[in-house]
Each structure stands twice: as structure tokens, then as C-alpha cells.
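1. The amino acid sequence is not available; the structure is as follows:
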């Protein structure tokens, strides 16, 4: 925001913008033209073509209780860091129930943000040494999927080899 001279909105406005953006995407993906009022993204006879079939899932990353609740209310999935899953999954599932939604209808994805670009980060990790067991462990903890960052060619090669062994 600073680099482009744009103000950084407070949390309430960022949440409102996210909620409206998701509503706009869902409306546009119905085929349009779409006209809808909006505090941030009003549309008048707007089209987004081609209409995706099926529409892509909207997954919201939320590392806080508020983020997990927002994802439960408006998203097709929620993603968090591994260290946040135990603490926030109950918040997410409670918010799903409050919104009248089923856990079966959404995905929970755990994402690792390990390492820095250009540095091998996966060597010696359970994802390389025992990928099947590690995946089962995270499924048992409540995750439907994971995202691993492979930041180097060595990381990619290690993941390919681990997948072949699985």
C-alpha cells in the first residue's frame, strides 16, 4: 500500500471489502450481466466472460478467529498455517454450524510457509521422509489438503521422489 500511495484500511474495512469482493465474484460467475450496489465494487451491467463452469472455489486464508469465521461464512474453503489448525479449526467448524453450512461442503487446507526463496526447505522434513504418514496425520487433524512450498529445484525433486515412493 505504501509503495503505491494507497491507504491501508482498518480491519473492519478490509473485512467488508473481502466480503463484497466474494459476493461480486459469485454474482459475475452466474453469467451476467450483473448490476448490484456496493460500497466498494458496485457493478452496472457487468459481465465476466467466459463464465467458469464450474466456478472456481473461493478459499480464504485466515490466521485469526475472525478470519476463520469469515471463511466459514462465505468461502468454499479455509486455509491456515499448521501451527494454527488445532486452535482455529473448532472456531471454523462452529462458525460453519452458525451459518447453517456443513463441514462436508468446504475444504480445510493447511499451508506451510517454510524457508526463503532460493533455500532448500524440505530436505529432512516428514513430507519427504514419510509423505503418506504425514498426510494421514494432517487428515486426522482435520485437514482436507496441504500446500507445500517448493522453493528450489532440490525441493521439487525431493517432492517428486517422495510422491513416487508414496
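-> Ah, there it is. Computed from a predicted structure; not experimentally measured.

2. Show residues contacting the strand or helix carrying residue 86.
-> Assigning secondary structure by DSSP states H and E places residue 86 in helix 82-98. The contact list for helix 82-98 (CB atoms under 8 Å, 6 or more residues apart in numbering) reads 62-65, 67-69, 71-73, 78, 80, 102-103, 106, 108, 110-112, 138, 141-143. In short, each C-beta sits where N, CA and C put it, glycine included.

3. and what of stretch 114-132?
-> The contact list for stretch 114-132 (CB under 8 Å, 6+ apart) reads 133-134, 137, 148-152, 154-155, 158-159, 161-163, 165-166.

4. what comes up buried for that stretch?
-> By 16 or more other CB atoms under 10 Å, the buried positions in stretch 114-132 come out as 114, 121-122, 125, 127-128, 131.

5. How much space separates the spatially closest residue to residue 161 that is not a sequence neighbour from residue 117?
-> Nearest residue to residue 161, sequence neighbours excluded (CB to CB, 6 or more residues apart in numbering): residue 128, at 7.8 Å. Residue 128 sits 19 Å away from residue 117 when distances are taken as CB to CB, to the nearest Å.
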